[in-house]
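Novice: Provided below for reference: sequence and predicted model.
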Amino acid sequence: MNATNKVISQPITQPVSSTTLDAWTVDTQVPREETDLSSDWEMVIGLEVHAELATETKMFSPGRNQFGSEPNTNIHPVCLGLPGTLPVVNGKAVELSIRLGLALNCTVQRCIFARKNYFYPDMPKDYQISQYDRPLNISGWLELPNGHRIGIERAHMEEDTGKSTHVGTSGRIHDAGYSLVDYNRAGVPLIEIVSHPDVRGPEEAKAYVAELQSILIAIGASDGKFEEGSMRVDANISVRPAGSDELRTRCEVKNVNSLRSLGRAIMYEAKRHVELYESGDKPRQETRHWDEEGGRTRPGRSKEQAEDYRYFDDPDLVPVDPSPEWIEQIRAALPALPRDRRLALVGSGAAAGAAAIAVERDLDGLALAAIAAGADAGRVLTHVEHNLAVEGANKLDANNFAAMVKMETGGELTATQAKQVLAEMVTSGKAPADIATERGFEAMDSGALEATLDEIIAANPAEWERFCSEDPKAKGKMQGFFTGQVMKATRGQADGKAVAQLLAKKSS
Amino acid sequence: MSNHNRYESSRYGNAEHSDALSIANAVKSGETSAVAVVDQHLAAIDAGEAEIHAFNLVLADEALAAAAKIDQQVIAGEDVGPLAGVPVAIKDNMCTQGVPTTCSSKMLVGWKPPYNATVVERLAAAGAILIGKTNMDEFAMGSSTENSAFGVTKNPLDTSKVPGGSSGGSAAAVAAGFAPLALGSDTGGSIRQPAALCGVVGMKPTYGAISRYGLIAFASSLDQIGPFSHTVADSAALFEVIGGHDPRDSTSIPTPVASVSAGLKSGVDGLRVGIITELMGTGDLDGFEPEVLAQTRAAAEALEAAGASVAEVSVPSVIYGLSAYYQIAPAEASSNLARYDGVRYGVRQEGSGNTASMMMATRTTGFGDEVKRRIMLGTYALSAGYYDAFYGKAQRVRTLMINDLAKAYADFDVLLTPTSPCVAFDIGATSDPLTMYLNDVCTIPSNLAGHPSISVPYGTGQGGLPVGVQVLAPLQGEAVMFQVAAELERSVSAAEAVAQNGAQS
C-alpha cells in the first residue's frame, strides 16, 4: 500500500491526527497524540491477539475457567500436568473458536495440536499445547468500520499459562526472593488471532483490536476484558519508506494492556525504528516490552537467543476435524456481527460514522426500528449519537422514538424540545406527545408567533431600524437580539428557524 | 526341551492355584477366601522378595483389607467381578491414589498421586486386589530393569540373570509366584521382552485399546498397558477387564473392549501364519541366538500341525524399526519428562538461587543416566534444523512400516517372530546402550504400527532359560492373536507332557 491511498481508521473515542481524520471520528474531548510518522515513512504492523474463551472448564481439563478465584482453587490433576494425566479437548472451546473463525471469514479446517516446549515454572507441563502448522482457522479478514480490510493469517487454539508472582526480589541483598505460582489460569482456553502485516498505524491498530473485541463479545466467544487479561495484544512493528512494499526487520512489542497503550507503544516503536534508519543504523529483530510508566519499549530477549520451541504434534491428542455439517450449524447460529449491523444501518440511510457509533452503543436495533417506523434516518442517528449515550437508552420504545422524531421533523417540537422530550422518554417511558403536552411544548402557530414578534418590534423601534440597515454586522447582532426576545416571550417554545424566516420577511 | 521343572522351581510359596481364573472361581465359589489367597501370595513374597526385588512397594495391609471386603461380598451373595480375590501387581508407573508412584526414579520419591489410573479403577471394579507396585527401568527406559534407581530385579528362573525390562518387576512377580497377574507397560517391547525372559505370557494390545490415563508417559504415541500372566486365558481375561473406551484418554478407541476369551479354544485350522523373514536372523539384523530361532520355527511347525498354513513373509522396513524408534520415543520422552522440574512435586534440588538453576540441579541429580541420555537424544531430534532429518524421517519410516505390515496382513492373519533375539542375559553384562537397544528389535514394529502382539513361552534356549515366541496381529486383531497364542500354549504343554513321560519311562 502506498502513502497516497493509505487508509487510517479511528475508533471513535480516540484522538486522531488532523491529516488522517474522518470528520465523524473527531473527539475534541481527548488530548491529541501523535499518530503518524513523517511522510517519508510508513508503518507496517501485524497484531497477535490472545483472547480467553468463555467456557465453563479449561481447554483440556475439567478444571474451572473462572477469573478472580482464590489462588490454586480452579485446578485439577490434568491442568496441573500431574504425571499420568492426559488432555481431552473441550468441545465448547472448539465451537467458540470455529465461531470466531467464521466471523473472521476464515477457512475452518482439520487441525492438529502441537507442543511448544520450553521451561517455565508457571507452565505445569513445561510445554504449552498450541497449534503449529495445522491451525483451526486460516486465511480470513476483518473489516474495520472505515471499510479497510485487515488480513487474518490464522486463529488457533491453545492453553494459557499460570501466573507467577515474584516476592521479595526488591533488590536488597539480604532479601530472600521467592516466587508464588497460581495455576488457576493454567490451561484456560485461548484463541490466538494473528493478522497479516496490513495495519498501517496506531489508530488502525486500535480500531482493529476494538473491532475484534466487539466481534468476540458479540459471538459470545470471550468477555474481551483487557483489565482481567482475557484479551492481550502483541504488536509486530516495522517501518519502511512510504510507498515501498518491502518488509523490514520487525520488533515484537509485548505487555500492551490497553488500547491506549497499544497506540502509544506502536508510535514509540515506529519512531525508534525511523530514528535508527535515519541515523544510519537499523533495528535488531527482538522482543521488546512496553513500559507504560516510562512511555517506552525496552528490549526483552533477542530473537537470536530465542529458545527453540521444538514443536511437534501432541501425541496425546487426535486431530480435530469439524464436519461440514457442524460448521454450517455454527455459521447459521451466528448472531449479526458488528460489520453486518453497520451495513444494515447504512443501508437504511445512515452515514457510516454514525452507524459505527450506533452499533458500538448497541443502539442500532433501536435506530433501525425507528427508521422502519418512518422516522428520518439522519435525525434518528443524530439523537443516537448525541442524546442517547445514557443508561436505559436501549430500553427506549422504537415506535415512541420514531413518533418523537416525526414530531420534530414535522415542526411540532423544536430541536431543544426534542432533546428534552427524548431524555424524559428514556427515564419515564412515556409517549412523546404526552410529555410535550405536560411540558406545554405545543408548537406555536405562525400567526401567534408573528403577533408576538410584531409586539416586540413595536416596543424596540431603534433596534428594528438597525436590523433593517445594510450593515451586516449590525444586522447579525440585531437578529440575535430579536430571536432572544421572542424566545424570552415564548419561554423557549418558539422555533428558531421560524423566527428567522419571519424577521427576513418583515425586513424585506 | 522342557523347562517345566525350572518353571515350578521359580515359584515361591505354595499357592494352590497359579492362574487367576482358577483363583477367582475358587473365591467366588467359596472354595477358598480372598484373604487366604492374599496370605499365600504375601507368604511367597516374604520368602522370595528379598532375593528377587520385584517390588518397589508391597501393599500387604491394603491387600488384606481389600480381600476381606471381597470375602464379605461373597458371603453376602454380591457380584464380586471376574477377578474376585486375584492379587495383581502393577508396574510403578501407574498412578495409585495416595500410594507412592515412583517410576523407579529418584525424581518422584515421595510423590503420592491424588488420583487412580483408569486401569487401577477397573481392576478394583473387577474384584482384583492390588498387592504391590513393581520395579522397572527408570521411566520405563531400558530392557533389563537395571536402570531402576532402587536396584535391579533378578530373574526368578536364574537370579544371576536380568528379568528383562522395562517391566521386569511385573514379569518377575508373576514368574516368582508373587502374584498370578501383573500389569506392565510396553513402549518398545517392555512387556513382551521381560515376559519372554521370565517365561510368562505378556501382551501389548492395539494402541488405544487400554486407557493410558494414569500411566506416567514415556513415549505417548507408543505406550500401552498390558497384562502379564501364566496362561493365555488369564491374559485375555485381564485384557477384557481393563480394556475398552475411556473418555479421559483422547487416543482411546471409542468402542467397548473386544471379546477375546471366547475364541481361545477355536484352534488355528485354516488360519494363515506368516514368519517375518527379516526377524529370523537371515538378513541385516543379527545377534539372534540359534536356539531362539529354532523354538520360533518349532512354534510355526506346531501351528502348521494344528491346521494353519505357514509361510515366510518379507516386511522390509522392520529393519529400520529400531532406528526410527530411537528417534520417536526419545523425542516424545524429552517433552513428557520436562515437567519433572522440581517446581510442583517430587524432589527438588536447590540450585544457585534462581529458578533455572534449581530446575537444572533437580534434573541433573533426579534422573539416571539412561533417562538423561534419551532426553538429550530426543531434544536433539526435535531441534530446529534437525527435525526433518531425524524426527520427521523417523515418522516417515513409521508410515512405511505400517504400509508394509498392511501388505503382509493382506496374505496372513497373524505374523510370527521371536520375542527377543536372546534369552535372559547376565546382570551387569550389557553396559553398551546400543547393544541393549537391540533387545527390542522384534517387539518395536508392533509399537510403531500400533498393532497388538503377545509373547508366549515356547520351550527353552541357552542355559535352559525360556524362549518367548511373539504373535503379531493387525489393528484390533486381539481375538485372532489370542486364538493363535492359545494354540501355542496347548502345543507347548503337550510337548512338555511328552517330554516328562519320556523322562519317567
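Specialist: All right, it came through fine.
Novice: Tell me the confidence at A:Glu33?
Specialist: Here the pLDDT value assigned to A:Glu33 is 64.
Novice: A:Arg250 contacts A:Ala235, doesn't it?
Specialist: No: taking contacts as Cβ atoms under 8 Å, A:Arg250 lies outside contact range of A:Ala235: 9.3 Å. For the C-beta atoms, the positions are set from N, CA and C on the backbone; glycine is no exception.
Novice: and residue 278, what is it in contact with?
Specialist: Looking at chain A here, since you left the chain open. The contact partners of A:Glu278, by Cβ atoms under 8 Å, 6 or more residues apart in numbering or on different chains, come to none.
Novice: Correction: the question concerned chain B.
Specialist: Shown in contact with B:Glu278 (Cβ under 8 Å, 6+ apart): B:Asp284, B:Leu285, B:Ser314, B:Val315, B:Pro316, B:Val318, B:Ile319.
Novice: Between A:Arg250 and A:Ala235, point out the one with more neighbours.
Specialist: Set A:Arg250 next to A:Ala235 and count neighbours by other Cβ atoms under 10 Å in any protein chain shown: A:Ala235 wins out with 29 against 21.
Novice: Quick check: that one touching A:Ala205?
Specialist: Yes: between A:Ala235 and A:Ala205 there is a contact under Cβ under 8 Å: 6.5 Å.
Novice: re the thing from before, highest neighbour count among the contacts of B:Glu278?
Specialist: Busiest of the contacts of B:Glu278 [other Cβ under 10 Å] is B:Val318, holding 27 neighbours.
Novice: For that one, give me its contacts.
Specialist: Residues near B:Val318 by Cβ under 8 Å, 6+ apart: B:Ile276, B:Glu278, B:Leu279, B:Met401, B:Asp404, B:Pro445.
Novice: which one of those sits closest to chain A?
Specialist: B:Met401 (16.7 Å; Cβ to the nearest Cβ).
Novice: Tell me the secondary structure at the closest one.
Specialist: helix (DSSP: H, G, I helix; E, B strand; the rest coil).
Novice: how about the residue nearest to it when sequence neighbours are not counted, secondary structure?
Specialist: Distance criterion Cβ to Cβ, 6 or more residues apart in numbering or on different chains; nearest residue to B:Met401, sequence neighbours excluded, is B:Ser317 at 4.4 Å. Secondary structure, three-state DSSP: B:Ser317 is helix.
Novice: Please enumerate the shared neighbours of A:Arg250 and A:Ala235.
Specialist: A:Gly46.
Novice: how deep is A:Gly392 tucked in, by neighbour count?
Specialist: For A:Gly392, the number of neighbouring residues by other Cβ under 10 Å comes to 11.
Novice: quick one: pLDDT of it?
Specialist: 83.
Novice: Report all helices and strands that the longest helix along chain B contacts.
Specialist: Scanning chain B for the helix with the most residues, using DSSP state H, yields helix B:478-504. Packed against helix B:478-504 by the contact rule (3 or more Cβ pairs under 8 Å, 6 or more residues apart in numbering or on different chains; DSSP states H and E) you find helix B:4-9, strand B:201-204, helix B:232-242, helix B:290-305, strand B:414-418, strand B:453-460, strand B:466-472.
Novice: hmm, 7 Å instead?
Specialist: When contacts are defined as 3 or more Cβ pairs under 7 Å, 6 or more residues apart in numbering or on different chains; DSSP states H and E, helix B:478-504 packs onto helix B:232-242, helix B:290-305, strand B:414-418, strand B:453-460, strand B:466-472.
Novice: Pull out the buried residues from it.
Specialist: Buried residues in helix B:478-504, counted by 16 or more other Cβ atoms under 10 Å in any protein chain shown: B:478-492, B:495-496.
Novice: Mind listing what's buried along the lengthiest helix in chain A?
Specialist: Assignment by DSSP H gives helix A:259-278 as the longest helix of chain A. By neighbour count on 16+ other Cβ under 10 Å, the buried set for helix A:259-278 is A:259-274, A:277.
Novice: now stretch A:345-361
Specialist: Using 16+ other Cβ under 10 Å as the test for burial, stretch A:345-361 gives A:345, A:348, A:350-351, A:353-361.
Novice: That one: how far from the chain's middle?
Specialist: Mean C-alpha position of stretch A:345-361 versus that of the full chain (Cα atoms, centre = their mean, to the nearest Å) differs by 14 Å.
Novice: how long is it from one end to the other?
Specialist: Distance across stretch A:345-361, first residue to last, is 13 Å (Cα to Cα, to the nearest Å).
Novice: who touches B:Asp284 in this structure?
Specialist: Counting by Cβ atoms under 7 Å, 6 or more residues apart in numbering or on different chains, B:Asp284 makes contact with B:Ile319.
Novice: ok, and the closest non-adjacent residue to B:Ala68?
Specialist: Ranked by Cβ to Cβ, 6+ apart and with sequence neighbours excluded, the top spatial neighbour of B:Ala68 is B:Val35, at 5.6 Å.
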